[in-house]
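Asker: Below is the structure, and that's it, no one-letter string:
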C-alpha cells in the first residue's frame, strides 16, 4: 500500500452518468483508504449530481469559465470544451496545495498544462473521443483533424494510462498507434454499500412509479448512441401488455441532444401505438419544463395522488434526471433491465443491475461481453428487435425460483470482481508503480503544443466552414 497521498480528480462535468459514477466511486475508495482527495470540475449542478458530491462527503471545487461559452452559435462545441478544460487545468496547476497524483479522465487536452502542477498524471480513457465524433461532411473531417491529433499527443503525455475494459484496450491500441504503449485494464467498481440502502418508501417521487404491472427498465443517458429506441421496439413486440417499460436516464437542460432525443423517443413510441408519459425531474423549473415533451407532468406532491391509476394506462414511462431513491426503487421492483448500446466500452448499468439481482439483456459486444455471464445473469443478444424481445420475454416467463437464481448469479459476479475494495487495491498498485517513475514530458513543450493545436483547429474550422 502506498503512503498517504494528495490526489486531485480533474473531470469536466460532475453530472449523472457512468463516467461520473466511476470518478465519484474512485474518489470515495481512495478517500476511505486515507488519501486526501479533491474533485475539480467545470460544471456541478447540485440538482443534477450524485449525492456524495452534494452532501460534503467529497470536496468539489468548481472552476467557473465564464469567458468561454459552451458553443458559438451552436458550433465549435469541442473547441469551447477544450478551452474550458485549459482554464480548469490552470486552476489545478496554480492551486496552493501540492498534489502527488492527478486523476484525469474523458478529456486529455489539459494534460500538458497540468504538468505545471508537478504531479504524476494518471489518465483514465473511457473510450477514444475521436471515434465518437461525427464525420459525415468534409468540413467536419477537416475541423476534427487537429482535435484528433491533439487527443493522441496529449494522451501520450500522461505518466500512466488506464482503460475500463479489454475491449477499450484493443480499441485504444488501434486508435492511437503513435503512442506505442498498451494501457492497463482497470475495470471500475461499484460502491456496493450505496446500493444496499433500501428506497425511502415515503418519498413522494415514488408515487409515479408504483404500479401492479411488471416493470422492464432501461437506464441510459438520453443520447442517440445509446440506441434506446431498440428497447422501445423490443418492448412493443411483447405480447404481454401487463408490462410497463420505464426509460430512465441522464437529461441535462444544457445538452441539446438530451432534449431532442427524449422528444424523438416519445414520438417513436407513439408511432408504435404505445401510450407514453413523461415525468419531469423533481424541482424542475418552468424553463426546464418547457424543454420536455408536451404534456410532461410534475412529480406528485403526495403519495395519495392518482399516479398509480395513470401508470396503469401507460406503456412507456420516461423518467429524465431520476433521483437516486427512484433508481433504488426501480431496481427493487424491475423484472429485468434492458441495456441497448452497441460496442459500449464497459457499461456501469449492467453491473448495478446484477448487484441488485435483476437479470440484464444487453448487446453481445463491447464491455457487456466481459461483465455479464450469458444465460446465467442475463442474456447477450444481437442488437435486433427480435433477439431483444425474445430475451425479455424469456425472463418475464421464468418462474420466481429461476428468476431469483439468475439474480443471485449476477450479484455474486459483482461482489467477487467489482467491489470497491478490490478496485482500490488494483488502483493503488497502479499508482504506486507510477510514482516510482519520474514524471514524463516537459510542461513548457506541452503548453506550446496545446496552444498550437487549438489555434490550428480554429483555423481549420474557418477554412472548412467556408467550403
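Answerer: Perfect, thanks for sending it. Computed from a predicted model, the values in this text were never measured in an experiment.
Asker: residues near residue 39, how many?
Answerer: 22 (other C-beta atoms under 10 Å). All C-beta atoms are positioned from the backbone trio N, CA, C, and that covers glycine.
Asker: so when I look at it, I'm seeing a strand, right?
Answerer: Yes - checked against DSSP: H, G, I helix; E, B strand; the rest coil, residue 39 lies within a strand.
Asker: and residue 328, how many neighbours?
Answerer: Residues near residue 328, counting by other C-beta under 10 Å: 19.
Asker: my bad, should have said residue 5
Answerer: Per other C-beta under 10 Å, the neighbour tally for residue 5 reads 20.
Asker: ok, now residue 32?
Answerer: For residue 32, using other C-beta under 10 Å, the count is 13.
Asker: next one: phi and psi at it?
Answerer: phi -70, psi -20 (degrees, to the nearest 10).
Asker: Can you list the low-confidence ranges for this protein?
Answerer: Flagging of the chain using pLDDT under 70 yields the residue ranges 1, 65-75, 130, 132, 135, 300-310, 440-467.
Asker: my guess is residue 439 contacts residue 116, does it?
Answerer: No - with contacts defined as C-beta atoms under 8 Å, residue 439 does not count as touching residue 116, sitting 11.2 Å away.
Asker: For the stretch 151-300 of the chain, which segments are assigned as helices?
Answerer: Here the stretch 151-300 of the chain has its helices, by DSSP state H, counting those that start in this stretch, at 166-175, 192-196, 228-236, 256-271, 286-291.
Asker: by contact count, what packs against the shortest one?
Answerer: Going back to what we said before, that points to helix 192-196. The helices and strands touching helix 192-196, judged by 3 or more C-beta pairs under 8 Å, 6 or more residues apart in numbering; DSSP states H and E, are helix 348-355.
Asker: who touches the helix it packs on?
Answerer: Here helix 348-355 makes contact (C-beta atoms under 8 Å, 6 or more residues apart in numbering) with 18, 21-22, 188, 190, 192, 195, 217, 219-220, 331, 334, 337, 339, 359-360, 362, 368, 371-372, 377-378, 407, 410-411, 413-415, 418.
Asker: Among these, name the buried ones.
Answerer: Applying 16 or more other C-beta atoms under 10 Å to the contacts of helix 348-355, the neighbour count classes 18, 21-22, 188, 190, 192, 195, 217, 219-220, 331, 334, 337, 339, 359-360, 362, 368, 371-372, 377-378, 407, 410-411, 413-414, 418 as buried.
Asker: Those residues in strands, which ones?
Answerer: The strands, defined by DSSP state E, take in 217, 219, 334, 337, 339, 360, 362, 378 from the buried ones among the contacts of helix 348-355.
Asker: Against residue 45, how distant is residue 102?
Answerer: Using C-beta to C-beta, to the nearest Å, we find residue 102 at a distance of 24 Å from residue 45.
Asker: When those two are compared, which one has more neighbours?
Answerer: Neighbours were counted for residue 102 and for residue 45 using other C-beta under 10 Å; residue 102 has more, 26 against 16.
Asker: Pairing partners for the helix or strand hosting that one, with directions?
Answerer: Element membership for residue 102 (DSSP states H and E) is strand 101-105. Paired with strand 101-105 in the same sheet, following DSSP bridges, are strand 6-13 (parallel), strand 120-125 (parallel).
Asker: Downstream of that strand, the next helix or strand is which one?
Answerer: For strand 101-105, the following helix or strand on the C-terminal side (DSSP H and E) is helix 111-114.
Asker: same for that next one, what does it pack against?
Answerer: Using 3+ C-beta pairs under 8 Å, 6+ apart: helix 111-114 touches helix 77-93, strand 101-105, strand 120-125, helix 138-155, helix 443-466.
Asker: Mind listing what's buried along stretch 24-42?
Answerer: 24-31, 33, 35, 37-42.
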